[in-house]
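got a predicted structure here, sequence first:
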Amino acid sequence: MKPIMILGVVLILAGVGGLLFRSVHWTETKNVVDAGPIQINSQEDHSLWIPTAAGIVAVLAGMGLVFAGRKQA
């Protein structure tokens with residue numbers, strides 16, 4: 001399989017994943033105070049929204065790369 005086709009498949013999978021999972025959430029723990037045996041931590045919740053248009057564009061671009069890789073063969 002050609003590298004351009006592999007990139008196309010990766011884009012298709014990423015685009016479908018972006019369409020299925022609308023957002024990604026994670027929690028980050030930060031060390032606020034570290035004074036000997038005393039530790040105070042702070043947790044922050046983060047979320048990253050994935051636009052629908054980005055998923056659609058990724059799928060279409062991936063399909064274009066797969067077809068372009070096929071044509072060169």
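Right, received. Where do you want to start?

report the secondary structure state of the spatially most central residue of the chain.
Centroid-nearest residue in the chain, with Cα atoms, centre = their mean: residue 14, separated by 6.6 Å. Following DSSP: H, G, I helix; E, B strand; the rest coil, we place residue 14 in the helix state.

nearest residue to it other than its sequence neighbours?
In this structure, residue 14 finds its nearest non-sequential neighbour in residue 58, 5.4 Å apart by Cβ to Cβ, 6 or more residues apart in numbering. The way it works is simple: take the backbone N, C-alpha and C, and place the C-beta from them, glycine included.

what's near enough to touch that neighbour?
11, 12, 14, 15, 18 (Cβ atoms under 8 Å, 6 or more residues apart in numbering).

show me where the protein has its strands.
23-35, 38-49 (DSSP state E).

show the average pLDDT along the shortest one.
So the one you mean is strand 38-49. Across strand 38-49, pLDDT averages out at 93.

show me what stretch 46-54 is in contact with.
15, 18, 19, 21, 22, 23, 24, 25, 26, 27, 28.

mind saving the C-alpha coords of it as CSV?
Taking C-alpha atoms only, stretch 46-54 is exported to CSV below (Å, rounded to 0.1, in the frame of the first residue of the first chain):
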residue,chain,number,x,y,z
HIS,A,46,-10.9,20.2,30.0
SER,A,47,-13.0,19.4,26.9
LEU,A,48,-12.2,19.8,23.2
TRP,A,49,-15.2,20.0,20.9
ILE,A,50,-14.7,18.5,17.4
PRO,A,51,-16.7,20.4,14.8
THR,A,52,-18.9,18.3,12.5
ALA,A,53,-17.5,20.1,9.4
ALA,A,54,-13.9,19.0,10.4
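
list the buried residues in that stretch.
For stretch 46-54, a neighbour-count test (16 or more other Cβ atoms under 10 Å) marks residue 50 as buried.

now do that stretch: distance to the chain's middle.
9 Å (Cα atoms, centre = their mean, to the nearest Å).
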